[in-house]
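Peer 1: Structure, please.
(one chain, ligands or ions: 1)
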Amino acid sequence: MTTSQNLFAQAQELIPGGVNSPVRAFRSVGGTPIFMQSAQGAWLPDVDGNQYVDFINSWGPMILGHAPAVVLDAVRAALPHSLSFGAPTRREVELAELLIAMVPSVEKVRLVNSGTEATMSAVRVARGYTGRAKILKFEGCYHGHGDAFLIAAGSGALTLGAPDSPGVTQGVAQDTLTVPYNDLDAVKAAIAANPDQLAAIIIEPVVGNMGLVEPAAGFLAGLRALCTEHGIVLIFDEVMTGFRLAPGGAQELYGVVPDMTTLGKIIGGGLPVGAYGGRADIMNQVAPAGKVYQAGTLSGNPLATAAGMAQLRYLHEHPEVYEQLNATTTRLADGTRQIAKELGLNYTVNQVGSMFSLFFTAAPVNNLEDAKQADLPAFGRYFHGMLNRGIYLAPSQFEALFISTAITDELVDKYLVACRESLIEAHGLSA
Ligand code: KE4
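Peer 2: Okay, the predicted model is just below:
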């Protein structure tokens, strides 16, 4: 037995499914999850001494690679001053200022401790602001594990085949409408069928949680117009795309400004930080300025804000990083697409900026139904082929890859060699 196998056997006796987040359990790809020992730059050594090149980067946060000096130095400097006060600090003001400078829709912002807290809070504020009850989300989008979102959810819920979780009551589910992604007519029909009842439409402006799916031309602008026309709060869930697709996220990239934005992952530099923000007239509903209650013991935590501030400040001051990330990712995506074509597989590869996915289907993937056409057993074999060749991918077809600045040209070459060999192996092709 490997050390990972031993640890996983112990973990399963102590932790549900042996993991602290379902998608880590390798359930849809089979095998034993790899227990990591450390990480540096692009490299992940596991507890058995194997080395992997990381293409997940903690599901997005490690955009500068693992253990970047700029972030670790900031955390080291904050360490001696205690880990938490439960009182306001200067850095929370500085971080709010930076977020407002970077994210077009954000005029006021509240820090929380996860993306889930951010989305749960944003929806509550939208309901408080509008006095309406219903929300609309898109099939295959994942907005964290809040009850209102575990309806036709993506990511781990989709991976485990539980897009509608037990424990979510009918009372909650009845207030969440779902329509296919990229289907503006379905949105219009949902609005017409629920006149003056929709508090918010929440969307991943670029989807990572059914695999990478990009918005059709005009889709986001269409949503913007409908929300303006009907007094519905448009929420961009940029927990994945924020600070990744551009300094100002997808809303900067596509030039569509929502009423509210939720943030996470990169914002904390690897430590637990989430945030929700938006128009001042909406955010002024939040206690204690307004009556919509939301709170958190560790919100704005001194260490987490030190890490987040360091990472965001670096990204803000080095916009050239985005050009590098996008060029690296384009090499990876185009190379993967070319290899699949040469092998006669013609698989679909979707890419936006430094996020991409290889779908095990030759058909286009523009929504959840398309993504579900993928050959999941073949994906599982491919995943393990890549793992055996030292490439660490998301252990699910319904996730995106997240590229860091630590991925060099040599590592792109290593990935592409492994990709070809793993596709051949997964499909029993001749080289
Ligand atoms: P967290 O609560 O996991 O910090 O954020 C929830 C969330 C909200 N919105 C979007 C668009 C997200 O992608 C996420 C979390 N993403 C998953 C990856 N698909 C986190 C990985 C996991 O669940 O372990």
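
Peer 1: Quick check: nearest residue in space to residue 30, chain neighbours excluded?
Peer 2: Leaving out its chain neighbours, the residue that sits closest to residue 30 by C-beta to C-beta, 6 or more residues apart in numbering is residue 380, at 5.6 Å. C-beta coordinates here come from the backbone N, C-alpha and C atoms, glycine included.

Peer 1: how far is the helix or strand hosting that neighbour from where the chain is centred?
Peer 2: Assigned by DSSP states H and E, residue 380 belongs to helix 376-388. Centroid separation between helix 376-388 and its chain, computed with C-alpha atoms, centre = their mean, to the nearest Å, is 22 Å.

Peer 1: likewise stretch 296-308?
Peer 2: With C-alpha atoms, centre = their mean, you get 20 Å for stretch 296-308.

Peer 1: who in the protein is up against the ligand?
Peer 2: Applying C-beta under 6 Å from any ligand atom, we find that the chain lies next to the ligand at 21, 23, 59, 114-116, 119, 142-144, 155-156, 204, 208-209, 237, 239-240, 264, 399.

Peer 1: can we see that at 5 Å?
Peer 2: Within the chain, the positions lying close to the ligand (C-beta under 5 Å from any ligand atom) are 21, 23, 59, 114-116, 143-144, 155, 204, 209, 237, 239-240, 264.

Peer 1: Filter those down to the buried ones.
Peer 2: 23, 59, 114-116, 143-144, 155, 204, 209, 237, 239-240, 264 (16 or more other C-beta atoms under 10 Å).

Peer 1: Residue 202 and residue 238 touch, don't they?
Peer 2: No: applying C-beta atoms under 8 Å as the test, residue 202 and residue 238 come out as separate, 11.0 Å apart.

Peer 1: Between those two, which has more neighbouring residues?
Peer 2: Legend: neighbour count by other C-beta atoms under 10 Å for residue 202 and residue 238, higher for residue 238 (32 against 26).

Peer 1: What's the per-residue pLDDT of the more buried one here?
Peer 2: In this model, residue 238 is scored at 99, pLDDT.

Peer 1: Tell me who's in contact with it.
Peer 2: By C-beta atoms under 8 Å, 6 or more residues apart in numbering, the residues touching residue 238 are 103, 204, 205, 249, 250, 251, 261, 262, 263.

Peer 1: which of those residues has the most neighbours?
Peer 2: residue 263 (33 neighbours).

Peer 1: follow-up on the earlier one: show me which residues of the helix holding residue 380 are buried.
Peer 2: So helix 376-388, judged by 16+ other C-beta under 10 Å, has buried residues 378, 379, 380, 381, 382, 383, 384, 385, 386, 387.

Peer 1: Report the rounded mean pLDDT for it.
Peer 2: For helix 376-388, the per-residue pLDDT averages 98.

Peer 1: For the contacts of residue 238, please prepare TSV with the additional fields pLDDT and secondary structure.
Peer 2: Below are the contacts of residue 238 laid out as TSV (pLDDT from 0 to 100; DSSP: H, G, I helix; E, B strand; the rest coil):
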residue	pLDDT	secondary structure
103	98	coil
204	98	coil
205	98	coil
249	98	helix
250	98	helix
251	98	helix
261	99	strand
262	99	strand
263	98	strand
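
Peer 1: Those: which two are farthest apart?
Peer 2: Farthest pair in those (C-beta to C-beta) is 103 and 204. Separation: 15.5 Å.

Peer 1: On the C-terminal side of the helix holding residue 380, identify the next helix or strand.
Peer 2: On the C-terminal side of helix 376-388, the closest following helix or strand by DSSP H and E is strand 391-392.

Peer 1: Residues contacting the following helix or strand past that next one, please?
Peer 2: Going down the chain from strand 391-392, the next helix or strand is strand 401-402, by DSSP H and E. Residues from elsewhere that reach strand 401-402 (C-beta under 8 Å, 6+ apart): 55-57, 59-60, 62-63, 212, 240, 244, 332, 354-357, 393-394.
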